[in-house]
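Q: When you get a sec, could you give me coordinates for this:
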Amino acid sequence: MPDFQGTKAIILQPGDAIVPYTFTWTICTSSTGNDGAIPYGHTVSSVVTAIKHESGLICTTGILASSSHSGAVTSLFLTYPSSSGFLTGKYHTTFTATISDGTTTFAKEFDFNRLIVRDK
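A: Residues are numbered from 1 along each chain as shown. Below you'll find the model as predicted:
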């Protein structure tokens, strides 16, 4: 099950360039709350994004034009891959977030499975 909820897939087609998508990190509202992906009192200080085809081929540089992170939001700018080595089909996006409360820092992986590249 993907960590980022939603109902629609992101579909990239020929001609798509610098298509923006944002992912919001939900932080628990209390120390006993179970209403967020990030523990209460913590922040997401950085995010590394990787994109992999369902066959296992890593395709981050061909699809991810650029990304940025600010506060609780990570923005991706996606593009249709121009290289012939990329395949149509489903892609798995992994976000490795560095999370910190000022004294403790750890990395946690989050998944998004609804990225599709098709040629029409």
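
Q: what kind of secondary structure is the residue of the chain most remote from its centre in?
A: Distance from the C-alpha centroid of the chain, by C-alpha atoms, centre = their mean, peaks at residue 32 (26.7 Å). When classified by DSSP: H, G, I helix; E, B strand; the rest coil, residue 32 comes out as coil.

Q: Quick check: pLDDT value at it.
A: Note on residue 32: pLDDT of 93.

Q: Which stretches in this structure count as strands?
A: For the chain, strands defined by DSSP state E occupy the ranges 10-12, 19-24, 43-53, 64-70, 73-78, 89-100, 105-117.

Q: right, and residue 105 touches residue 44 too?
A: No - between residue 105 and residue 44 there is no contact under C-beta atoms under 8 Å: 11.0 Å. All C-beta spots, glycine's among them, are computed from the backbone N, C-alpha and C.

Q: With neighbour numbers in mind, choose between those two.
A: Higher neighbour count among residue 105 and residue 44: residue 44, with 22 against 11, using other C-beta atoms under 10 Å.

Q: Tell me what the more buried one is bridged to.
A: residue 99 (DSSP bridges).

Q: Torsion angles phi and psi at the residue farthest from the centre of the chain?
A: phi -110, psi 0 (degrees, to the nearest 10).

Q: where's it relative to residue 113, distance?
A: Going from residue 32 to residue 113 by C-beta to C-beta, to the nearest Å gives 30 Å.

Q: and if you look at residue 56?
A: 14 Å.

Q: Which one of the two is surrounded by more residues?
A: residue 113 (16 against 7).
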